[in-house]
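>>> okay, here's the prediction I keep looking at, along with the sequence it came from:
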Amino acid sequence: MSSQPGNAFEAMSREDLLRALEMFAKNWLAHDGCWFLAAEERFDMETAIDLDASSWKRFASAEAHRIMTTFNLPAGGGLEALERALSLRLYAVINTQRTEWSDDRRHLRFFMDVCRVQEARRRKGLADFPCKSVGIIEFQSFAAAIDPRIHTTCLHCPPDAAPGQYCGWEFTIA
């Protein structure tokens, strides 16, 4: 048997690397779901949500910093840097999302048009996961790590989203 230096990814085509990225994003989300279910089974839904919020606060900030470092986004880069960073999150690989600017470019809106977690729940006939409380902490932490001046407002998020909607957020510079 011969062994090759490096790792399998170094020899992959662009197409295979993109497939690997999608697989990693799905694995990351599956791990998050498994972790949550374990916490819910051990404790209860309310405690699991509290633990999830604490975890997402830490992770969202770490993810934002890694994105900024990896893609040379400037600290304090405002809403433009946030828009770019949102497009580089693992979510963007497996969920359909979009951004919209207000006419005066003082407000950036972000919408998750298709959410893999909620879609799976709906296919199983389950109610939407009430992710608003965790989402507020997650998106505030992510945006603040990009630029501490950014103010985050939840436009809608389960359980407060209308049928067919997932989450929507608005970001402004305070």
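Looks like it came in fine.
>>> using the three-state scheme, assign H151.
Using DSSP: H, G, I helix; E, B strand; the rest coil, the three-state assignment for H151 comes out as strand.
>>> that one and I173 touch, don't they?
Yes: between H151 and I173 there is a contact under Cβ atoms under 8 Å: 7.3 Å. Placement of C-beta: from N, CA and C, glycine included.
>>> go through the helix or strand bottoming out on mean pLDDT in the chain and flag the buried ones.
Lowest mean confidence among the helices and strands of the chain (mean pLDDT, DSSP states H and E): helix 116-123, at a mean of 91. Burial within helix 116-123, assessed by neighbour count using 16 or more other Cβ atoms under 10 Å, is assigned to 116-118.
>>> please apply the same query to stretch 64-81.
Neighbour-count burial for stretch 64-81 [16+ other Cβ under 10 Å]: 64-65, 67-68, 73, 77-79, 81.
>>> same check on stretch 164-174?
So stretch 164-174, judged by 16+ other Cβ under 10 Å, has buried residues 165-171.
>>> any weak-confidence spans in the chain?
For the chain, the stretches with pLDDT under 70 are 1-6.
>>> and stretch 142-157, how far apart are its ends?
Across stretch 142-157, the terminal residues are separated by 17 Å (Cα to Cα, to the nearest Å).
>>> hmm, who's touching that stretch?
Residues outside stretch 142-157 that contact it (Cβ atoms under 8 Å, 6 or more residues apart in numbering) are 60-61, 63-65, 68, 73, 75-79, 81-82, 85-86, 89, 109, 131-132, 135-136, 139-140, 160, 162, 165-174.
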